[in-house]
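Novice: Sequence plus predicted model, see below.
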Amino acid sequence: MRTLVVYYSLEGNTRFIAETIARSINGDILELKPEKDVPSKGFLKFILGGKQAVFKERPKLKNLEKNIEDYDVIFLGSPVWAGTFAPAFNTLFSKMKIENKKVALFGCYGGQSGKIFENFKKYLTKSTVVGEIGFKDPLKNDKELNENRVEKWTKNIVNKLQS
Ligand SMILES: Cc1cc2nc3c(=O)[nH]c(=O)nc-3n(C[C@H](O)[C@H](O)[C@H](O)COP(=O)(O)O)c2cc1C
């Protein structure tokens with residue numbers, strides 16, 4: 001079973017969860033990197049990033065270093081931006097279809113997870129969603145506890161898929 005963790009992160013929370021998932025199951029990892037991202041500090045990120053999310057913009061991404069097609073199980077993770085996934089995923093979904101995969105979803109948020117999982121699932125109708133989990137700013141709120149929580153969740157999913 002080949003496993004890939006695909007994520008976008010502006011401020012490191014989703015990266016932390018993504019790297020923990022990949023490490024705990026020895027999976028590969030793919031970061032979605034816009035060629036020109038919004039600033040990661042200051043208030044401007046909310047205005048520019050919020051606008052991109054609301055208008056479903058598709059920022060141009062740097063070349064993807066892994067081919068999603070080569071994997072059976074995909075973990076997809078994003079911060080919540082304006083109640084949904086980050087715009088880098090609009091670009092990904094416009095370029096490729098994720099079909100016939102087992103997909104597990106994770107999201108990081110500051111307040112509430114909004115519609116991130118519901119909206120992800122709109123693009124995954126031909127795959128099977130096998131789990132979803134949310135984290136409230138995990139780098140700021142008990143990092144170790146979140147690390148344990150995501151490790152357990154990940155191993156549980158993979159064990160079930162293997163049995
Ligand atoms: C542009 C932007 C929009 C955001 N919108 C929301 C939101 O709608 N709801 C929420 O709970 N948090 C929102 N946040 C907070 C992030 O989802 C949260 O801090 C997350 O943990 C950041 O993940 P990251 O460090 O991987 O970028 C927003 C952050 C940014 C930059």
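Specialist: Yep, that arrived. Predicted model, so just to flag it, every value in this text is computed and none were measured. Numbering: from 1, shown residues only.
Novice: tell me the contacts of Pro138?
Specialist: Under the criterion of Cβ atoms under 8 Å, 6 or more residues apart in numbering, the neighbours of Pro138 are Asn13, Phe16, Ile17, Cys108, Asn146, Glu147. C-beta: built from backbone N, CA, C; applies to glycine.
Novice: in the one helix or strand the last one maps to, what counts as buried?
Specialist: Glu147 is located in helix 143-162, with elements delineated by DSSP states H and E. Neighbour counts over helix 143-162 (16 or more other Cβ atoms under 10 Å) mark Asn146, Glu147, Arg149, Val150, Trp153, Thr154, Ile157, Val158, Leu161 as buried.
Novice: Just give me how far stretch 121-132 sits from the chain centre.
Specialist: Centroid separation for stretch 121-132 versus its chain: 13 Å, with Cα atoms, centre = their mean, to the nearest Å.
Novice: May I have the strands that pair with the host helix or strand of Ile133, each with its orientation?
Specialist: Element membership of Ile133, judged by DSSP H and E, is strand 128-136. According to DSSP bridges, strand 128-136 forms sheet pairs with strand 102-109 (parallel).
Novice: mind listing what's buried in the strand holding Ile133?
Specialist: For strand 128-136, the neighbour count (16+ other Cβ under 10 Å) marks Val129, Val130, Gly131, Glu132, Ile133, Gly134, Phe135 as buried.
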